[in-house]
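Colleague: need a structure here:
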Amino acid sequence: MKSFCKFIGLMGALALATTIASAASTADSIHVNIPFSFVVAGKVFPAGQYIVQQSDSGIILVQGQKASAMALSIPGSPGKYDSVPSLHFTSSNGQEYLAAVDGYSSTRAVPVPTETRTLTLSK
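Modeller: Sure thing, here's the model as predicted:
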């Protein structure tokens, strides 16, 4: 039974690796110097040089010299073919979060955690 579980796990990892590799092959790639620290997928990145890729399947990949992360994104409006790629950031709780990536062919929004407050009224 253990070998069967290992086999299933190995096949799942292989399928994920194949999906990521195929997604990266169709990705828009942006080389950028980000002058401030920021957060992607819960990971804090220091200011520096990064490669940001977005794939047609919705994966945003951020790679730097010392760190990398992947995040699933939400489709935005179609990109203009003559537009310049760009990154959009939003601030929350003193942190900058990557909020969207505009590529050559499309825009993808990255979900950003927000703080929710509940106010309970007494009777």
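
Colleague: can you pull the contacts of the closest residue to P75 other than its chain neighbours?
Modeller: Setting aside the residues directly before and after it, P75 is nearest to R108 in space (CB to CB, 6 or more residues apart in numbering), at 6.4 Å. Where C-beta positions appear, they are placed from N, C-alpha and C, glycine not excepted. If a contact means CB atoms under 8 Å, 6 or more residues apart in numbering, then R108 has Q54, G58, I60, S73, I74, P75, G76, A100, V101 as its contacts.

Colleague: Narrow those to those in strands?
Modeller: Q54, I60, I74, P75, G76, A100, V101 (DSSP state E).

Colleague: Out of the contacts of R108, which is nearest to H88?
Modeller: Relative to H88, the closest of those is A100; by CB to CB it sits at 4.0 Å.

Colleague: List the residues that contact the closest residue to that closest one other than its chain neighbours.
Modeller: Leaving out its chain neighbours, the residue that sits closest to A100 by CB to CB, 6+ apart is H88, at 4.0 Å. By CB under 8 Å, 6+ apart, the contact set of H88 is L98, A99, A100, V101, D102.

Colleague: Model confidence score at the residue nearest to P35 when sequence neighbours are not counted, please.
Modeller: Closest residue in space to P35, ignoring its immediate chain neighbours: A47 at 5.3 Å, by CB to CB, 6+ apart. Note on A47: pLDDT of 94.
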